[in-house]
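**Student:** Here's a sequence, model it:
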Amino acid sequence: QVLLIESGGGLVQAGDSLRVSCAASGGTFSTYAMAWFRQAPGQEREFVATISKSGSTTSYADSVKGRFTISRDNAKNTVYLQMNSLKLEDTAVYYCAAGGLTSRREHMYGYWGQGTQVTVSS
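**Tutor:** Next comes the predicted model:
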């Protein structure tokens with residue numbers, strides 16, 4: 001059983017940067033691919049980014065490519081999402097997830113955090 005706890009969300013202005021983190025416990029972190037998803041009010045949860053077990057491979061949604069960076073520190077059992085040039089439409093609850101393989105599909109991830117709110121204002 002893997003427990004995921006996100007942190008670092010908050011209220012920022014458009015154009016600002018923010019880094020959210022996800023700390024894992026209860027499992028061998030380096031054996032899990034990790035991902036970030038987000039859910040805006042009234043919308044379905046959507047894929048943001050994923051990173052392989054070693055951190056050597058990453059993939060991003062088109063909407064965040066070039067602005068967001070996913071990374072991980074296996075020694076600290078933590079995955080990060082660095083968000084730059086934030087836009088109003090980035091406002092959402094951000095969830096981290098752990099699974100066996102990198103994927104853009106929610107059902108490939110068996111463990112989820114509780115989410116952290118990111119609000120971008122004008």
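
**Student:** I'd like to know how far residue 42 sits from residue 19.
**Tutor:** 26 Å (Cβ to Cβ, to the nearest Å). C-beta: built from backbone N, CA, C; applies to glycine.

**Student:** Also residue 9?
**Tutor:** Applying Cβ to Cβ, the value for residue 9 to residue 19 is 10 Å.

**Student:** Please tell me how far residue 76 sits from residue 21.
**Tutor:** For residue 76, the distance to residue 21 equals 9 Å [Cβ to Cβ].

**Student:** what about those two, which has more around it?
**Tutor:** Per other Cβ atoms under 10 Å, whichever of residue 76 and residue 21 has more neighbours is residue 21, with 18 against 12.

**Student:** part of a helix, is that one?
**Tutor:** No. Using DSSP: H, G, I helix; E, B strand; the rest coil, the assignment for residue 21 is strand, not a helix.
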